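Colleague: Below is the sequence, then the predicted model.
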Amino acid sequence: MLPEFKLKKDWLITTNILGVKNRTLILTEGHAITPTENGEYHIIYGGWSEDTPHIGGKMVLDEEGMSNAVDEEGQLLFERIDHFNPELIIEEVDDDDDNLIKNWRIQLDVKTTRKKLKEVQRIFDEQIKQILK
């Protein structure tokens, strides 16, 4: 899974047209960029679209390009967003709790068809509910 990136600070570019210097804001600090299904990072700014390609701009980078992109001062533009921050809670369960009746939640997340899900529900109703009585 490819990482997301976020902009470390406002991204400005300086242009010099007819002797007049102008600084244009491309993206603001914290802007997140996610990869496409084919691993490309599309940076779109200034109102660019397929219908208005003459307005703003579009850049396409790969993961290495995102990791190494620098601003006009040579500072890295992006940092990786780390989404994997698991919080582990470990509790010691006393053996005396084995027969203690409490409310418990059983949750099952699956990727399947509705037909197979109905079959799982049928099995649950027939077999598991008997155990829990």
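Modeller: Done, it's in.
Colleague: What does the pLDDT read for Phe124?
Modeller: In this model, Phe124 is scored at 79, pLDDT.
Colleague: hang on, it in a strand?
Modeller: No - Phe124 is assigned helix when assessed by DSSP: H, G, I helix; E, B strand; the rest coil, not a strand.
Colleague: mind listing the helices for this protein?
Modeller: 63-68, 114-123, 129-132 (DSSP state H).
Colleague: Please state the offset of the second one from the chain centre?
Modeller: Pointing back at helix 114-123 there. 31 Å (C-alpha atoms, centre = their mean, to the nearest Å).
Colleague: Output it as CSV, nothing but the C-alphas.
Modeller: Below are the C-alpha coordinates for helix 114-123, written out as CSV (Å, rounded to 0.1, in the frame of the first residue of the first chain):
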residue,chain,number,x,y,z
ARG,A,114,-25.1,-11.4,0.2
LYS,A,115,-26.0,-15.1,-0.5
LYS,A,116,-23.0,-16.3,1.4
LEU,A,117,-23.7,-13.8,4.2
LYS,A,118,-27.2,-15.2,4.6
GLU,A,119,-25.6,-18.7,4.9
VAL,A,120,-23.3,-17.5,7.7
GLN,A,121,-26.4,-15.9,9.4
ARG,A,122,-28.3,-19.2,9.1
ILE,A,123,-25.3,-21.2,10.6
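Colleague: measure Pro53 to Gly46 for me?
Modeller: 11 Å (C-beta to C-beta, to the nearest Å). (Each C-beta comes from the backbone N, C-alpha and C, glycine too.)
Colleague: neighbour count winner among those two?
Modeller: Gly46 (13 against 10; other C-beta atoms under 10 Å).
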